[in-house]
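1. give me a 3D structure for the following:
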Amino acid sequence: MQPKSRGSDQGDLFRARLDQILNRQHPLYRLANAIDWSVFDREFGPLYTENFGRPGLPIRLLVGLHYLKHAYNVSDEAVVDHFVENGYWQYFCGFEFFQHDFPLDPTTLVKWRKRIGPKGMDKLLQVTIETAKSKEYMTERHLERVNVDTTVQE
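-> This next block holds a predicted model:
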């Protein structure tokens, strides 16, 4: 089933919005506003079916968690744990208000990676690099040397 769109809830009337309490110069805050998240909705939206099963998780949440997982070199479990502790991570993943609960089970990330496949992960990397280049967060000098990890785990 398609991911639900999150609308404002009246219960949020007295809660502080993340964009009002976070430092707007923080790199993750700036990157969250620089990425064209609709690219991922168009790319991965067709992988969801309507009226079948429970509603999917927001695509931005899944993409954001995968970016953070790789950027900070942490496991699926650690990225979900850190999400609850870090308002910048929550803002990056598209939340308006601070979340006190885990957004998903870490195994959901594994299932989603299988769903989008290697081409989907390549698209994630491509959009990230294009955004970094367009905002001049990355220069040609950054591309001169590439490290490749060939470690294989069981």
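2. give me the buried positions along the longest helix seen in the chain.
-> As assigned by DSSP state H, the longest helix anywhere in the chain is helix 106-134. Neighbour-count burial for helix 106-134, counted by 16 or more other CB atoms under 10 Å, picks out 106, 108-109, 112-113, 116, 120, 123-124, 127-128, 131-132. For every residue, glycine as well, the C-beta is placed using N, CA and C.
3. list the helices and strands it packs on?
-> When contacts are defined as 3 or more CB pairs under 8 Å, 6 or more residues apart in numbering; DSSP states H and E, helix 106-134 packs onto helix 27-34, helix 38-44, helix 59-71, helix 76-85.
4. and those, which is most packed in?
-> helix 59-71 (a mean of 21; mean count of other CB atoms under 10 Å).
5. who's in contact with that helix?
-> When contacts are defined by CB atoms under 8 Å, 6 or more residues apart in numbering, helix 59-71 is touched by residues 3, 32, 37, 40-41, 44-45, 74-76, 78-80, 82-83, 89, 92-95, 103-104, 108-109, 112-113, 121, 124, 128.
6. that one: how far from the chain's middle?
-> Computed by CA atoms, centre = their mean, to the nearest Å, the chain-centroid distance of helix 59-71 equals 3 Å.
7. quick one: it to helix 106-134, angle?
-> With axes from the mean of the first three to the mean of the last three CA atoms, to 10 degrees as the basis, helix 59-71 and helix 106-134 are set at 80 degrees to each other.
8. any idea of the mean pLDDT in helix 59-71?
-> With pLDDT averaged residue by residue, helix 59-71 scores 90.
9. can I get it in PDB? Just the C-alpha atoms.
-> Provided in PDB are the C-alpha atoms of helix 59-71 (Å, rounded to 0.1, in the frame of the first residue of the first chain):
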ATOM      1  CA  ILE A  59       9.700   7.000   1.400                       C
ATOM      2  CA  ARG A  60      11.600  10.000   2.700                       C
ATOM      3  CA  LEU A  61      12.100   8.200   6.100                       C
ATOM      4  CA  LEU A  62      13.500   5.100   4.400                       C
ATOM      5  CA  VAL A  63      15.800   7.100   2.100                       C
ATOM      6  CA  GLY A  64      16.900   9.400   4.900                       C
ATOM      7  CA  LEU A  65      17.700   6.500   7.200                       C
ATOM      8  CA  HIS A  66      19.800   4.800   4.500                       C
ATOM      9  CA  TYR A  67      21.700   8.000   3.800                       C
ATOM     10  CA  LEU A  68      22.400   8.500   7.500                       C
ATOM     11  CA  LYS A  69      23.400   4.800   7.900                       C
ATOM     12  CA  HIS A  70      26.000   5.100   5.200                       C
ATOM     13  CA  ALA A  71      27.100   8.700   6.100                       C
END
